[in-house]
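1. All I have is the shape, not the residue letters:
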């Protein structure tokens with residue numbers, strides 16, 4: 001998988017970003033700089049690689065939880081295609097043994113949804129052949145996490161990318177994203193797994209030659225009051241500071257933290273920046 005600064009060096013603005021931003025080697029950086037507990041929990045591919053590369057996205061698996069720890073993907077808004085999902089089935093990833101991934105047995109006879117981490121629609125770009133391969137790859141169980149039936153009551157989680165494309169002047173219409181579940185011991189126990197209660201997404205793009213990054217968390221927890229959920233609360237969407245997201249996930253986002261658009265919280269509050277998002281307009285615009 002190529003990252004945009006490498007894939008578009010003909011653009012002066014993106015080429016200049018490559019010199020200062022680790023997004024060009026993001027999968028390698030996330031692996032090398034993650035916390036010790038995350039590194040110990042990496043499930044390698046059958047060929048021994050810590051990162052799995054698919055069409056337009058890459059991912060890393062948690063051996064203990066059998067879900068992705070993170071997925072990283074690109075969107076080329078200028079070459080997006082529309083392809084049907086009919087005839088495509090969720091399938092095990094051939095690069096991992098069954099012991100390191102969750103399959104359809106978890107979803108049988110219950111209201112759990114099979115939720116894409118990298119949205120299928122985000123991956124359908126490039127040549128027709130590329131888009132078809134990405135369409136198939138998006139249904140690998142390694143890109144899927146179970147989602148509780150309360151997961152997206154607001155509908156805002158699925159609108160993040162669209163809102164940024166609509167409201168920001170993105171150079172080259174190219175965006176890089178990272179996302180996944182926040183894996184905690186207090187997640188919901190079900191059929192020998194723990195169903196995640198929180199999910200994160202980081203969006204990086206170039207605007208007027210300047211790298212920007214925004215981090216979001218969808219969770220049942222109250223991040224503003226630092227209260228952990230009991231499991232009955234509705235899901236809420238927050239924008240959070242990238243260093244705070246790093247603490248939640250055990251991942252290191254490198255110099256993307258320096259491109260964070262989230263204002264720092266006043267020191268008197270003693271908390272990292274976080275803000276609740278209740279409407280689509282608030283995804284991009286600060287209140």
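-> Everything's here; your move. Bear in mind that the values here come from a model prediction, so they are computed numbers and not experimental data.
2. how long is stretch 192-200 end to end?
-> Start-to-end span of stretch 192-200 (Cα to Cα, to the nearest Å) is 23 Å.
3. Could you pull out the buried residues of that stretch?
-> Buried positions in stretch 192-200, judged by neighbour count with 16 or more other Cβ atoms under 10 Å: 194-200. (Each C-beta comes from the backbone N, C-alpha and C, glycine too.)
4. any low-confidence regions in the stretch 51-200 of the chain?
-> For the stretch 51-200 of the chain, residues meeting the criterion pLDDT under 70 lie at 149-154.
5. at 90 instead, please
-> Applying pLDDT under 90 to the stretch 51-200 of the chain picks out residues 77, 86, 107-113, 146-174, 186-192, 195, 197.
6. hey, where'd the strands end up in it?
-> For the stretch 51-200 of the chain, applying DSSP state E, counting those that start in this stretch gives strands covering 52-54, 57-62, 68-76, 113-116, 144-147, 170-181, 188-190, 193-195, 198-207.
7. returning to that earlier point: distance to residue 129 for the buried residues of stretch 192-200 - can I get that in CSV?
-> Below are the buried residues of stretch 192-200 laid out as CSV (distance: Cβ to Cβ, whole Å):
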residue, distance to residue 129
194, 38
195, 36
196, 33
197, 38
198, 36
199, 31
200, 32
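8. could the strands of the stretch 51-200 of the chain go into TSV alongside distance to residue 245?
-> Listed next are the strands of the stretch 51-200 of the chain as TSV, based on distance: least, Cβ to Cβ, whole Å:
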stretch	distance to residue 245
strand 52-54	22
strand 57-62	16
strand 68-76	11
strand 113-116	19
strand 144-147	17
strand 170-181	10
strand 188-190	21
strand 193-195	20
strand 198-207	6
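9. how about those, which one is nearest residue 131?
-> Among the strands of the stretch 51-200 of the chain, the nearest to residue 131 by Cβ to Cβ is strand 68-76 (10.3 Å).
10. and the angle from the closest one to strand 198-207?
-> Orientation check (axes from the mean of the first three to the mean of the last three Cα atoms, to 10 degrees): strand 68-76 against strand 198-207 gives 30 degrees.
11. Give me the sheet partners of strand 68-76 and which way each runs.
-> Applying DSSP bridges, strand 68-76 is found paired with strand 57-62 (antiparallel), strand 170-181 (antiparallel).
12. Point out the most buried one among these.
-> Greatest average neighbour count among these goes to strand 57-62 (a mean of 24), per mean count of other Cβ atoms under 10 Å.
13. any idea how far that one is from the chain center?
-> Between the centre of strand 57-62 and the centre of its chain there are 10 Å (Cα atoms, centre = their mean, to the nearest Å).
14. Stretch 80-94 now?
-> Centre-to-centre, stretch 80-94 and its host chain are 19 Å apart (Cα atoms, centre = their mean).
15. Tell me which helix or strand residue 212 sits in.
-> Assigned by DSSP states H and E, residue 212 falls within strand 210-219.
16. elements contacting that strand?
-> Counting by 3 or more Cβ pairs under 8 Å, 6 or more residues apart in numbering; DSSP states H and E, the packing neighbours recorded for strand 210-219 are strand 198-207, strand 236-240, helix 242-249.
17. Now it: buried residues?
-> Buried positions in strand 210-219, judged by neighbour count with 16+ other Cβ under 10 Å: 211-219.
18. what separates it from the chain centre, distance-wise?
-> The chain centroid and the centroid of strand 210-219 are separated by 10 Å, computed with Cα atoms, centre = their mean.
19. tell me the angle of that strand relative to strand 198-207?
-> With the same axes, to 10 degrees defining the directions, strand 210-219 sits at 160 degrees from strand 198-207.
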